[in-house]
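Colleague: Starting from these lines, generate the structure:
(chains A and B)
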There are 2 protein chains.
Amino acid sequence: MRKPKIVILGAGYGGLLTTVRLQKLIGVNEADIILVNKNDYHYETTWLHEASAGTLHHDKVRYEINNVIDRSKVNFVQDTVVEIKKDEKKVILEKGEVEYDYLVIALGGEPETFGIKGLKEYAFGITSVNSSRQLREHIEYQFATYNMEEEKDETRLSIVVGGAGFTGIEFLGELTNRIPELCHEYDVDQGKVKITCVEAAPMVLPGFDPELVNYAVSQLQSKGVEFLIGTAIKEATPDGILVAKGDEEPWAIKAGTVVWAAGVRGNSIIEKSGFEAMRGRVKVQPDLRVPGFDDVFIIGDSSLIINEEINRPYPPTAQIAMQQGELTARNIAALIRNTPQLETFKFDNKGTVCSLGEDDAIGVVFGKKITGSKAAFMKKVVDNRALYMIGGAGLVMKKGKLNFF
Amino acid sequence: MRKPKIVILGAGYGGLLTTVRLQKLIGVNEADIILVNKNDYHYETTWLHEASAGTLHHDKVRYEINNVIDRSKVNFVQDTVVEIKKDEKKVILEKGEVEYDYLVIALGGEPETFGIKGLKEYAFGITSVNSSRQLREHIEYQFATYNMEEEKDETRLSIVVGGAGFTGIEFLGELTNRIPELCHEYDVDQGKVKITCVEAAPMVLPGFDPELVNYAVSQLQSKGVEFLIGTAIKEATPDGILVAKGDEEPWAIKAGTVVWAAGVRGNSIIEKSGFEAMRGRVKVQPDLRVPGFDDVFIIGDSSLIINEEINRPYPPTAQIAMQQGELTARNIAALIRNTPQLETFKFDNKGTVCSLGEDDAIGVVFGKKITGSKAAFMKKVVDNRALYMIGGAGLVMKKGKLNFF
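Modeller: Modelled structure (predicted):
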């Protein structure tokens, strides 16, 4: 009898957790498991703000996929997905193709630039190991160049962060810690450094408790961040950005570094492959399958699930992707074993912690508001938990944030 | 009685050695000593190729001037020289001016670009702490960017070094050691990196023993360097350089990094101040004073002394600058004490060692040719000697290259 073929696309939080759970749930004789990923490593997307600011080396935010999968059960293919031919049940890769009986699309999200002119060309992103180390090196190069020029150009020391959501705020927390080090390294007067956060929405960290948001804003302001809230980036240019409030005339902020940390959309492969989607996100069934395609699961940033309490989609987070991965593994096992009923997804919110740097954070954990070093401690617990779920205690010892005090 | 005022411009090898010798030779009541330097630190110019390649941190190649001068005897002024008014016996600084009775001009050299178009705009230099760390960061940024681009641009991994003299060869030695680290750091296939050395002269390391030169060239070739000898850079562009042999049609070498390591000229302050000079270098008297200006000494890269043996000027080196500094201190002491006869300069060639990286070098020491680890050892001795002469054993312990084995 031919074994069913399970193909998992993407080794982010959702895809990798699906894989490691499946390899435990399923015997070698029950199915073939194939994991496809562009890189031979997994990276902690939620730690990239640290690698981008330069407060944590990028090798600390990634680990080899081969170290966490059971190679006797999982066939890892390093390749890039080009398109999913869902009607032919196969995936076109750059260097080949792979057929499937069950498919898990866990390809992650992409930055949403809302069509703002110049962002793709001139703004840096916090989206991958590649983009983070490029951003880190770009900032270093600006500082290294400052003292080389006879006419000192202070805009080299000006950094604009577009977006006061989770990623933007966490990056600002690390960046403000990194700036004194950069000033020391390159003999730059810290008073000349300018950090501006521009947010089109009328608030910082939408959805977060207002008291905690106030704490975060005043902490970052005291470390030199200027907030321009309710202000939209109209255009990114080689010299900085143009911004405006409402319909007023746009004005320029000169900056040597523009970081775009606002907005995530689903993966463009989703639309390219003909799935019905909103900004690349597919509204999946409660069992996480795509309506009309009983053999295709979509999880993580390219899936869309409505939070019934507020009748709005859940934001894409690592927490939800991992919970989806666990459920998907169980549901695929059930399908293989012809179990009539699949489980349905219910998000179990364990709380959220937003880092403000190594030793500060805000969060709501088990329904309680926390700030400062207590919250920073909890952030490390959250970070280590993601490692634990995928690679167990061994991975936590190897890659975990164990500098608790 | 008014004390004479000795002003020393520049805290490089020559100026700083003049200062530390003078502070020993002269009592506080005999003269005022003023040292003027742009930075509050001295840097080892002969180690900059390491800081530029990124094999040694730039803080290891510099130390604070205040740590080696006797502040009860020397008044250190951190300022930049604008012009020397030799007829009024004063020096115009950016933030003020200073009068002198005796002046030591030890301002160092400047890169000589021979009017080659685009070099000033597009080429990086190995001339100061500022330029070295900018070059290091530029190379890192090129490597960090390579994997970010969908269309991989291999010219980002192409580095051109203009000049196969001392600085060019020493930089190539460090760079070829650094490349494997950079490839590992940024997940780049080392086979894609291209290093080219372009030299207009018909030979590598002119003046060096041909057997040693052959050794150096073959070592660097085996580490991936391609040599284009007798080939002139005609122009530097944003994309690389144009080169040609003789009168042939120029052709392009695409490169993300162009380093100009050929040619040193005297400081432009020399000409600006009306001294008669050849490429910024003044042919000084045997006592190191400027003809016609009995109160002005010029030493180091802006001085010119003929090597009678070959009837050509000595090349500007740290060794000669330091020997000039020692003599200048004694001659100034003699002038203050009205000694009728000044000493004349005689270069005492202690040998030359050219590094090919951490563990390899070529050299002639005490008249004997050496290569490999023995020469690399001697290079460290030479490097430590410069520290010893200025700051004694304490400075060697603090900043010396003590990793001998």
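Colleague: Tell me the residues of the stretch 301-405 of chain A that contact chain B?
Modeller: Applying C-beta under 8 Å from any C-beta of the partner chain, we find that the stretch 301-405 of chain A lies next to chain B at no residue. Any C-beta I mention is one placed from the backbone N, CA and C, and that applies to glycine too.
Colleague: Nearest to chain B within the stretch 301-405 of chain A, name that residue for me.
Modeller: Ranking the residues of the stretch 301-405 of chain A by distance to chain B (C-beta to the nearest C-beta) places A:Lys399 first, at 17.6 Å.
Colleague: what mean pLDDT would you report for the helix or strand containing A:Met378?
Modeller: For A:Met378, the enclosing helix or strand under DSSP states H and E is helix A:372-399. If you average the pLDDT over helix A:372-399, you get 93.
Colleague: Show me how far that helix is from its chain's centre.
Modeller: On the basis of C-alpha atoms, centre = their mean, to the nearest Å, helix A:372-399 sits 17 Å off its chain's mean C-alpha point.
Colleague: and that helix, what does it pack onto?
Modeller: helix A:13-25, strand A:62-64, helix A:318-336, strand A:351-355, strand A:361-365 (3 or more C-beta pairs under 8 Å, 6 or more residues apart in numbering or on different chains; DSSP states H and E).
Colleague: looking at those, which is buried most?
Modeller: Ranked by mean neighbour count under mean count of other C-beta atoms under 10 Å in any protein chain shown, the helices and strands packed on helix A:372-399 are led by helix A:13-25, which reaches a mean of 25.
Colleague: now the angle from that one to helix A:318-336?
Modeller: Interaxial angle of helix A:13-25 relative to helix A:318-336 (axes from the mean of the first three to the mean of the last three C-alpha atoms, to 10 degrees): 40 degrees.
Colleague: Extract the C-alpha set from helix A:13-25 and format it as CSV.
Modeller: Taking C-alpha atoms only, helix A:13-25 is exported to CSV below (Å, rounded to 0.1, in the frame of the first residue of the first chain):
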residue,chain,number,x,y,z
TYR,A,13,7.0,28.6,14.3
GLY,A,14,3.9,27.0,12.8
GLY,A,15,5.6,24.7,10.2
LEU,A,16,8.3,23.5,12.5
LEU,A,17,6.0,22.7,15.4
THR,A,18,3.7,20.8,13.0
THR,A,19,6.7,18.8,11.9
VAL,A,20,8.1,17.9,15.3
ARG,A,21,4.7,17.0,16.6
LEU,A,22,3.9,14.9,13.5
GLN,A,23,7.2,13.0,13.8
LYS,A,24,6.1,12.0,17.3
LEU,A,25,2.5,11.2,16.5
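Colleague: Report the rounded mean pLDDT for the next helix or strand after it.
Modeller: For helix A:13-25, the following helix or strand on the C-terminal side (DSSP H and E) is strand A:32-37. The average pLDDT within strand A:32-37 is 98.
Colleague: Strand A:32-37 pairs with which strands, parallel or anti?
Modeller: As defined by DSSP bridges, the strand partners of strand A:32-37 come to strand A:5-9 (parallel), strand A:74-78 (parallel).
Colleague: Please produce JSON lines containing the helices and strands packed on helix A:372-399, extended by distance to B:Gly14 and mean pLDDT.
Modeller: JSON lines is the format used below for the helices and strands packed on helix A:372-399 (distance: least, C-beta to C-beta, whole Å; pLDDT from 0 to 100):
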{"stretch": "helix A:13-25", "distance to B:Gly14": "61", "mean pLDDT": "97"}
{"stretch": "strand A:62-64", "distance to B:Gly14": "49", "mean pLDDT": "97"}
{"stretch": "helix A:318-336", "distance to B:Gly14": "59", "mean pLDDT": "97"}
{"stretch": "strand A:351-355", "distance to B:Gly14": "51", "mean pLDDT": "94"}
{"stretch": "strand A:361-365", "distance to B:Gly14": "54", "mean pLDDT": "95"}
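Colleague: Using TSV, please lay out these together with distance to A:Phe275.
Modeller: Output for the helices and strands packed on helix A:372-399, formatted as TSV (distance: least, C-beta to C-beta, whole Å):
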stretch	distance to A:Phe275
helix A:13-25	16
strand A:62-64	29
helix A:318-336	16
strand A:351-355	29
strand A:361-365	34
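Colleague: Any residues of chain A in contact with chain B? List them.
Modeller: Counting by C-beta under 8 Å from any C-beta, the residues of chain A near chain B are A:130-131, A:133-134, A:136-138, A:140-141, A:144-145, A:147-148, A:186.
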